[in-house]
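[1] Sequence and predicted structure below; questions after.
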Amino acid sequence: MEMTKARFTQTDLAKYPFLKETAMLVKQLDLKIEELTNPDIAAILNRAEERVREAIMSLSVGEKREADVEIPSFPVALLLVINTKNSFIKKRYALAEAKQAFVDMQTESSEKILLIARDFDWNIELTRFSTMPLEFAISFTDYLRNTTHLRDKKWKLVNRLLVNGKVYLNKQDVARLLQEEVQRRIEKRLEVTELPVLPEKIAEITKRLLELAKEKIGQEEMEGLPKVVTQSAFPPCILALYEAASKGRHLSHVGRFTLTSFLVNIGMPPEKVAELFKSFSDYNERLTRYQIEHIAGERGSRTRYTPPRCVTLQTHGVCVNPDVLCRRVSHPLSYYKRKQKQLSSNLPKSN
Amino acid sequence: MASRDFVYKKFSEFYSSPSTVIPKISMIGQREIGFLLFKEHVMLRHKSFESTSSLKRFLGETVPSDVYHSCAYYENPEAEMNKKIWLGADLVFDIDADHIPTPCNKIHDEWTCNKCGFGGKGVTPDACPICGGQKFETKTWACELCLKTAKEETAKLLNILEQDFGFSLQELHVFFSGHRGYHVQIEKETIKTLDAMARKEIVDYVSGLGLAILEDETKDNTRRQRHKISFSLHDFGWHKRLKLGLQNFVMNATKDDLNNAGVKVNYKVFSENREILLKRCIEENRWSSVRGIGITTWKKLAKHVKDLESAKIDTVVTTDIHRLIRMNGTLHGKTGLLKVGFPANRLENFDPLKEAVAFKEGTAKISVSEAPEFRLGDDTLGPYKNQTVELPTAAAVLLICKGRAEVVQ
């Protein structure tokens, strides 16, 4: 096995704050929870909130700062996420950090990749001096632990170079598997249920984050949507799209995505949604099915997509004939949920 | 009834004898032990033993027809299933002639429909041809061909586990099951905690299932297109196995072999061009080098080779992380033969019908309804039809257990 002299630098630890070494570093900093609201370290708390906010909004973690802020902001962000007690935010945050790590790792040196992988106790080595066409060799058990839920056939062990217990991979594939490890490690750290008493300011942030999450996925998702699809509760934009689709009129890409993701999220089965697109002149059953299942989170990244928020729909010209209720919501799914409630409780309609 | 009493007595003598040794089982205290009881014919489960010697005492007192242990290790092996707390499991493979097509076509097996009583010989059908019933009474037999086929499959499995998965021969514990199959068991820290999904991937690998190279087209998710898979073999993993298999096929294939592979190729063209097929096509990946033998043919041949090279294992056993498996050194209730372990490198010369014999002394007088010619130990016996014979104890127990004979008092 090749010995490697590479070590993690301060910059690395800031880039990959989930590493064991970072945790130790943070411990040395001896950050006290009561001090979090201290203006001197406000930058840390701000960055922590930003991490979570960006994760909720765009599955990223925002722009990196100086190491002395960046490194401690990660455990603080974990604290914020745990405090929301919200499984959507937890999942989304772990995924966002993992995805960011995946992007960053792809440009790292092979030695660094090795170092990160060993932080997860992988049995991994470089094959540089052997005749193997791929650079990394990892034990098949480490490989299986991180690929069995990836859907693409290329991840099946049978389609891999497996020789003498080692799976041979290129850098990008190793980074992709490490993404899974990162996500799992963070999810594990978010499993904590008992938290110390937190300052008032943290409670405020938590509230803000929960609001944001509701906005992002629509309040309905958080509270659970009723399973019946009520067409009369569709917001005007969706109704317009729905009618256009039923008549086979052309829809823009954003329009199709909005309609599909909306219908999938309110519980319409993908087969039903596919039927709606049948009258399109460019209809392709296989492709349509694929796209719908992708949006429904049954394929690919396994994330179920939600429709864009109202502001985005406005930008793309999808928002039409807004009514009174529209003014009180910022997301088509929120509209649907509220309208449905109104309809079922026979309250006077707000429009 | 006298016959069952006879077998019971023999099993009892075996388990009570001081010379019987149950081989050591690793971490036995952490495993669930189960028994099939002779008399009541019920399964006794969720038992636990500190050592094989305390287990042996129990076997002498209870005399089960079959003994099993879990491949899994538990915090509380005696607790009910959801309270056991799973700690890990050995990786096990089961190869059973029951699940493999054999050259004998199981002509020695008999089946009778439970519903209408119609019956026949050979492989048990999915549904009764007369009444459509789906439950059958079967009388199986383990002929030399069945055992040979199972052994060949085991050899392929061992090869894959050694070459591709990197297990050493010492880590591969091989057993004859006591009936018509083999077990391969791996106890290793690194594989213990693999979940069912990971084990399924191992099963798929061993079976060659999902090999992308053999598919006709693939989906490119990023470009949202399908495109033809380019057929090109490299020298690692399954590709290497396919390559070697194709070479072997091209060198040796007869006209019949080509037909069996399902390809329509002029045999004369094929046999006159073996050199080119080997060198240009297989070695250099230039698959269209011989007119009349194109990429479609090669893919068909590769699929055929995959079927030949993959190991036919019972997929359920490997993926079940709570599985009970027959215990080494115990008797098989359907044969009176032992499950016996042996070093992996002895597989080729291992003789199950000799080394699994438990009852080595005495004879017994039995009346045989029907039995094909068979070998047990050094004796070749039968065939018998409606006759009374005096046979070595092991052979008598085998025929009685197989439902083909009754003891004569």
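    Now that the structure is in, tell me what you want to look at.

[2] Next, the contact list for the residue in the stretch 51-200 of chain B that chain A sits nearest to, please.
    Nearest residue of the stretch 51-200 of chain B to chain A: B:G166, at 2.4 Å (CB to the nearest CB). Where you see a C-beta, it was placed from the backbone N, CA and C, and this is true even at glycine. In this structure, B:G166 makes contact with A:140, A:163-166, judged by CB atoms under 8 Å, 6 or more residues apart in numbering or on different chains.

[3] from these, which ones fall inside strands?
    A:163, A:166 (DSSP state E).

[4] can you list the residues of the stretch 51-200 of chain A near chain B?
    A:123, A:132-133, A:139-141, A:144-145, A:147-149, A:152-154, A:156-166, A:168 (CB under 8 Å from any CB of the partner chain).

[5] Okay, and which of these map to helices?
    A:140-141, A:144-145, A:147 (DSSP state H).

[6] Which residue comes closest to B:I100 once chain neighbours are left out?
    B:K312 (4.7 Å; CB to CB, 6 or more residues apart in numbering or on different chains).

[7] I'd guessed the one you found sits against B:A97; true?
    No - checked against CB atoms under 8 Å, the pair B:K312 and B:A97 is beyond contact range at 9.6 Å.

[8] Now the longest helix along chain A - C-alpha only, CSV.
    In chain A, taking DSSP H as the definition, the longest helix is helix A:200-223. The C-alpha trace of helix A:200-223 is given here as CSV (Å, rounded to 0.1, in the frame of the first residue of the first chain):
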residue,chain,number,x,y,z
GLU,A,200,-33.9,33.3,22.9
LYS,A,201,-32.1,34.3,19.7
ILE,A,202,-31.7,30.7,18.6
ALA,A,203,-35.4,30.1,19.1
GLU,A,204,-36.0,33.0,16.7
ILE,A,205,-33.7,31.6,14.1
THR,A,206,-35.4,28.2,14.4
LYS,A,207,-38.8,29.8,13.8
ARG,A,208,-37.5,31.6,10.8
LEU,A,209,-36.0,28.4,9.4
LEU,A,210,-39.3,26.5,9.9
GLU,A,211,-41.2,29.3,8.1
LEU,A,212,-38.8,29.1,5.2
ALA,A,213,-39.2,25.3,5.0
LYS,A,214,-42.9,25.7,4.9
GLU,A,215,-42.7,28.2,2.2
LYS,A,216,-40.3,26.0,0.2
ILE,A,217,-42.3,22.9,0.2
GLY,A,218,-45.7,24.3,0.9
GLN,A,219,-47.3,24.0,4.2
GLU,A,220,-49.2,21.0,3.0
GLU,A,221,-46.2,18.8,2.8
MET,A,222,-45.3,19.6,6.4
GLU,A,223,-48.7,18.8,7.7
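
[9] looking at this, B:N386 is in a strand?
    Yes - under DSSP: H, G, I helix; E, B strand; the rest coil, B:N386 sits within a strand.

[10] burial measure for it, as a count.
    8 (other CB atoms under 10 Å in any protein chain shown).

[11] Quick one, grab the pLDDT at the residue lying closest to it once chain neighbours are set aside.
    Nearest residue to B:N386, sequence neighbours excluded (CB to CB, 6+ apart): B:S369, at 6.2 Å. Among the per-residue scores, B:S369 shows a pLDDT of 94.

[12] Look at B:S369 and give its secondary structure.
    Classified using three-state DSSP, B:S369 is strand.

[13] excluding its backbone neighbours, what's nearest residue 74?
    You didn't say which chain, so I picked chain A. Counting by CB to CB, 6+ apart, the residue nearest A:F74 is A:P17, at 3.4 Å.

[14] other chain: chain B
    B:Y74 sits nearest to B:K84 (CB to CB, 6+ apart), 4.1 Å away.

[15] Let me know the pLDDT of the one you found.
    pLDDT, read off for B:K84, is 94.

[16] you'd agree B:G34 is in a helix?
    No - using three-state DSSP, the assignment for B:G34 is strand, not a helix.
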